[in-house]
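Novice: Sequence and predicted model, in that order:
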Amino acid sequence: MSRLLGLCGLLALLYGCSSAGYLPYAPHALDPTALNGLVSSASQASGVPAGLVRAVLMAESGGNPSAISVAGAQGLMQLMPGTSAGCGIANPFDPTQNLQCGTGYLRSLLKHYHNDVTLAVAAYNAGPGAVDRYHGVPPYPETRAYVVRVLNAYHSY
């Protein structure tokens, strides 16, 4: 039993299922061609680089528009209900609406942190309050792993 728990913990660390509540590349992920088109449109509309949008999206939901985290985050960009409401979107599970809201939020974080991608990504995961409180990436293991995962993916796209 302890081996199984250890394996689950390793998988959680490697695949970031602690942030999204499930393994990435879920069976309900969108078709890659459709996803690329949606990411491209959201990137153009928000001014956030497409590679960064894709990296955050894949870390958050693995491309699954139906994803719900244990914390209640929803959809492709794993928006909290308050964030969705703030964007005025009717359906956080609609890929287009979710991406518009998520990339808009990411754009606001980039602006707040003077285009420092590392801090914006950390704030997307842990919240801007935590990043501001620690004057950088918070010392939370989940957030630190998330930032590394997103930045590595971003630089590979």
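Specialist: Okay, I see it.

Novice: What sits closest to A73 if chain neighbours are left out?
Specialist: Nearest-residue entry for A73: M80, 5.4 Å, with adjacent residues in sequence omitted and distances by CB to CB, 6 or more residues apart in numbering. Placement of C-beta: from N, CA and C, glycine included.

Novice: So that neighbour versus N152, what's the distance?
Specialist: M80 is 25 Å from N152, where distance means CB to CB, to the nearest Å.

Novice: what about those two, which has more around it?
Specialist: M80 (16 against 11; other CB atoms under 10 Å).

Novice: Which pLDDT does the model give the more buried one?
Specialist: For M80, the pLDDT comes out at 96.

Novice: Need the residues that contact stretch 135-155.
Specialist: 13, 16, 18-19, 49, 51-52, 54-56, 58-59, 117-119, 121-122, 125-126, 130-131 (CB atoms under 8 Å, 6 or more residues apart in numbering).

Novice: Could you report the neighbour count for A130?
Specialist: 16.

Novice: hang on, I meant R144
Specialist: Neighbours of R144 (other CB under 10 Å): 15.

Novice: Also A67?
Specialist: A67: 24 neighbours (other CB under 10 Å).

Novice: any idea what sits nearest it, other than its immediate chain neighbours?
Specialist: S61 (4.0 Å).

Novice: number of nearby residues for that neighbour?
Specialist: Residues near S61, counting by other CB under 10 Å: 31.

Novice: My read is that it contacts M77, right?
Specialist: Yes. With contact defined as CB atoms under 8 Å, S61 counts as touching M77 (7.1 Å).

Novice: so what's the residue lying closest to I68 once chain neighbours are set aside bridging to?
Specialist: Once flanking residues are discounted, I68 sits nearest to Q74: 5.6 Å by CB to CB, 6+ apart. For Q74, the beta-bridge partners are I68, L79 (DSSP bridges).

Novice: right, and Q74 touches N64 too?
Specialist: No. Between Q74 and N64 there is no contact under CB under 8 Å: 10.7 Å.

Novice: okay, those two: which has more neighbours?
Specialist: N64 (24 against 21).

Novice: M58 versus the more buried one, what's the distance?
Specialist: 10 Å.

Novice: same deal with A34?
Specialist: 14 Å.

Novice: Tell me which of these two has more neighbours.
Specialist: Applying other CB under 10 Å to A34 and M58 shows that M58 carries more neighbours, namely 24 against 12.
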